[in-house]
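**Q** Dropping a prediction and its sequence here:
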Amino acid sequence: MPKLLINRREFAVGGAALLTALNSLPALASGKIKVAGIYTQPIQQKWDARLHLALDAAAKNGEIDYVFSEKVSNTDYVRVLREYCDSGVKLIVGEAFGISKEARKVADDYPEIAFLMGDPFKPHGNNFSVFDNYIHEPCYLMGIIAGNMTKAKKIGMVGGYAIGEVNRLFHAFMNGALSVKPDIKFKVTFIGSWYDPPKAKEAAFAQIESGCDILYAERAGVVDACREKGILAFGNVNDMNKEENGKDVVVTSALWHMESAINHAIQLTKNGNFKAEEYHSWTMMAKGGASLAPYYEFDKKINSKVKGQVAALAKNIKKGKFTVEIIDSEPKSTF
């Protein structure tokens, strides 16, 4: 079972240990390894929850011993990183947004430890791999459905921050909708927070008042606004129909799965083959890192031809026959 690291542990590191793994990580036994997760938010928060659930599943499958810390601020993150490095972990999974340079310095100081970090920049050295949220493909598919369902031809989107991770999802959703109805207009709002449901709800109300009849709920709080106003929503990262009171409101969600990426990193670490690389493809549909949630009660409300189109396109995406463009620039409102 996952355990919280509570006390600081200090180990005397011999000179011989410092000479190991200068060019590659050492081979490990095929048994369990100790893995740490370090999260800036509570593990219930949807982004960190994807990492925690994947690591917890690996622990329950007997692959790893899993320890974690949550609600770690950026100002305290490096200290916690170093404490885990000194505690005997072989792999650390976390997020380096805002502390990219500092996290890379820690990786340099511990070449025998594997790091898999959420980060917007390139891999570093021999042991610092990076990932980000690349669920733009199911977002495009959601856009096709939304484009077919909107009557007002006005769609709203409420996000946290205008960063690449969010921007690419919005652009994909918009392009999916535009592929159906080129004259659809969009209202885009960023609330400047990763978790502020009242503020997200207020932004959603404003978009609904402007004439939007469908919203993309990138942040918590949007679904509640849609429920109160009787309009539809599309979810983000987790299954918002089932997990965020979205019944009869959330048509489907673009899901992010980290199990494939985490399991890949674990096996490489066990085999001594972990290296610095980008894990972006591991968060996309072809490798099981992204998918479209079930339609649930909306299954019969979506035109059968549209469902067929989406299903066929999903297969082509997985086969590499259709590419959803990645656009990281800030999306703008069009009305």
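**A** Looks like it came in fine.
**Q** Which strand or helix spans residue 291?
**A** Assigned by DSSP states H and E, residue 291 belongs to strand 290-292.
**Q** Just checking: what are the partner strands of that strand?
**A** The sheet places strand 290-292 alongside strand 250-256 (antiparallel), with pairing taken from DSSP bridges.
**Q** Output the partner strand as CSV - backbone C-alpha positions only.
**A** C-alpha atoms of strand 250-256 as CSV (Å, rounded to 0.1, in the frame of the first residue of the first chain):
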residue,chain,number,x,y,z
VAL,A,250,-21.3,15.8,-19.7
VAL,A,251,-21.7,14.1,-23.1
THR,A,252,-18.2,12.5,-22.9
SER,A,253,-14.7,13.4,-21.7
ALA,A,254,-11.1,13.3,-23.1
LEU,A,255,-9.4,10.9,-20.8
TRP,A,256,-5.8,10.9,-19.8
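**Q** Break down the chain into its helices, ranges please.
**A** 15-18, 46-60, 74-85, 100-109, 136-149, 164-178, 197-209, 222-229, 240-243, 259-271, 304-319 (DSSP state H).
**Q** how deep is the nearest residue to residue 329 once chain neighbours are set aside tucked in, by neighbour count?
**A** Residue nearest to residue 329 in three dimensions, not counting chain neighbours: residue 167, with 6.2 Å by C-beta to C-beta, 6 or more residues apart in numbering. (Each C-beta comes from the backbone N, C-alpha and C, glycine too.) For residue 167, the tally of surrounding residues (other C-beta atoms under 10 Å) stands at 21.
**Q** Make sure residue 167 is actually in contact with residue 218.
**A** No: using C-beta atoms under 8 Å as the test, residue 167 is too far from residue 218 to be in contact (10.5 Å).
**Q** residues in contact with the nearest residue to residue 133 once chain neighbours are set aside?
**A** Taking C-beta to C-beta, 6+ apart as the measure, residue 133 lies nearest to residue 165, with 4.9 Å between them; neighbours along the chain are not counted. For residue 165, the residues meeting the contact criterion (C-beta atoms under 8 Å, 6 or more residues apart in numbering) are 120, 132, 133.
**Q** Distance-wise, check residue 165 relative to residue 245.
**A** Here the distance between residue 165 and residue 245 works out to 25 Å (C-beta to C-beta, to the nearest Å).
**Q** again with residue 99
**A** Computed with C-beta to C-beta, the distance linking residue 99 and residue 245 is 34 Å.
**Q** Give me the more crowded residue out of the two.
**A** Higher neighbour count among residue 99 and residue 245: residue 99, with 20 against 13, using other C-beta under 10 Å.
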